[in-house]
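[1] I'd like to go over a predicted model; first the sequence, then the structure.
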Amino acid sequence: MKRKTAFTLIELLVVIAIIAILAAILFPVFAQAREKARQASCTSNIKQLTTAMLMYTQDYDEDFPFWSYADSVACNGPLGNVACQHFESIWFNAIYPYDKNANIYTCPDASDHSTITQNQLWGWTKATDLTTVGINSGLVNAQVSYGMSEPISTGTLCGAPNSSGCSQAAIQQVAQTLLIGDCVIALTGNFVPDRTNNPQSANYILSRVAYPNCTTNPCGAYLNDNGIYTAQPQYDNQARHAQGDIVGFADGHAKWLRDSQIIWGLIDGLGPAQ
């Protein structure tokens with residue numbers, strides 16, 4: 001008569017230990033692979049958006065969309081009168097006819113999942129129906145996770161503030177100038193009268209890009225009185241993609257940059273920090 005064989009307790013424990021070791025090794029790899037996929041998806045989104053932006057410029061004498069908060073929102077008080085608000089030319093609305101895909105406006109790693117109707121265009125309007133202030137019906141339920149360079153949108157970068165948007169030809173270093181990037185608000189960056197003596201303002205503006213999920217003001221990157229960038233590692237987890245973000249440039253290319261590379265130079269057309 002044959003004896004029935006079975007695993008001993010020690011053998012079972014060894015197998016369980018081996019499985020646990022393999023899981024400990026593989027799970028972080030799977031997490032990294034998943035994040036790389038999200039980063040690739042975000043890069044694709046921004047690449048498509050910058051391409052749509054350049055298509056727009058071809059139809060409008062090489063001019064980028066012009067939009068100014070002062071002219072389009074605050075026309076009669078802090079929030080203005082809804083009847084006089086205009087969002088037709090805000091960048092994501094202006095280029096929508098060229099991409100016709102509301103999904104590419106959403107970063108898969110963004111922490112804010114509210115639509116522009118739910119957050120009422122980041123509190124810029126009190127309109128319950130965004131089509132009444134010029135937003136395309138295909139975008140009213142979109143989650144906009146990216147921001148356009150405000151100095152390009154308002155013309156400040158090209159020396160024509162609040163009169164017209166920048167033209168591509170007027171930007172001297174298109175391959176080094178931020179156009180669209182990971183951001184929690186539709187516009188990112190603006191000039192302050194004196195950056196050297198106003199580091200807190202610069203601090204907040206930079207954090208919109210380098211630390212897009214930050215919810216406090218100020219936070220993130222810091223510029224000291226000499227205009228030197230100082231990294232603050234405690235805010236590394238605010239960046240969306242492995243301590244960095246995706247930035248689309250005015251020539252149409254998009255790439256991942258570490259948070260410490262995202263400084264004023266991107267907005268000025270001087271490129272990222274090395």
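    Received the coordinates, thanks.
[2] okay, now the unreliable bits of the protein?
    Within the chain, the segments meeting pLDDT under 70 span 1-7, 26, 29-30, 76-80, 161-162, 190-208, 210-238.
[3] just the element for the residue nearest to residue 186 when sequence neighbours are not counted, please.
    In this structure, residue 186 finds its nearest non-sequential neighbour in residue 147, 5.6 Å apart by C-beta to C-beta, 6 or more residues apart in numbering. All C-beta atoms are positioned from the backbone trio N, CA, C, and that covers glycine. Using DSSP states H and E, residue 147 sits in strand 146-149.
[4] paired strands for that strand, with orientation please.
    As defined by DSSP bridges, the strand partners of strand 146-149 come to strand 178-182 (antiparallel), strand 187-188 (parallel).
[5] gap between residue 9 and residue 50?
    61 Å (C-beta to C-beta, to the nearest Å).
[6] the residue nearest to residue 186 contacts residue 188, doesn't it?
    Yes: under the criterion of C-beta atoms under 8 Å, residue 147 makes contact with residue 188 at 3.6 Å.
[7] among the two, which residue is more densely surrounded?
    Applying other C-beta atoms under 10 Å to residue 147 and residue 188 shows that residue 188 carries more neighbours, namely 29 against 23.
[8] secondary structure element for residue 36?
    Per DSSP H and E: helix 9-59 holds residue 36.
[9] please apply the same query to residue 248.
    strand 244-249.
[10] and that strand, how far out from the chain middle?
    Offset of strand 244-249 from its chain centre (C-alpha atoms, centre = their mean, to the nearest Å): 7 Å.
[11] packing partners for it?
    helix 9-59, strand 178-182, helix 199-210, strand 254-258 (3 or more C-beta pairs under 8 Å, 6 or more residues apart in numbering; DSSP states H and E).
[12] need the contact partners of the strand holding residue 147.
    45-46, 49, 53, 65, 91-92, 105, 107, 157, 177-189, 208-209, 267 (C-beta atoms under 8 Å, 6 or more residues apart in numbering).
[13] again, only this time at 6 Å
    Residues from elsewhere that reach strand 146-149 (C-beta atoms under 6 Å, 6 or more residues apart in numbering): 91, 178, 179, 180, 183, 185, 186, 187, 188, 189.
[14] hmm, residue 64 and the first one touching each other?
    No: with contacts defined as C-beta atoms under 6 Å, residue 91 does not count as touching residue 64, sitting 7.7 Å away.
[15] single out the most deeply packed of the helices and strands packed on strand 244-249.
    Highest mean neighbour count among the helices and strands packed on strand 244-249 (mean count of other C-beta atoms under 10 Å): strand 178-182, with a mean of 28.
[16] send me that strand as CSV with only the CA atoms.
    Extracted in CSV, the C-alpha atoms of strand 178-182 (Å, rounded to 0.1, in the frame of the first residue of the first chain):
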residue,chain,number,x,y,z
LEU,A,178,7.5,76.9,-21.8
LEU,A,179,4.2,76.9,-23.7
ILE,A,180,2.0,74.3,-21.9
GLY,A,181,2.9,72.2,-18.8
ASP,A,182,1.5,70.3,-15.8
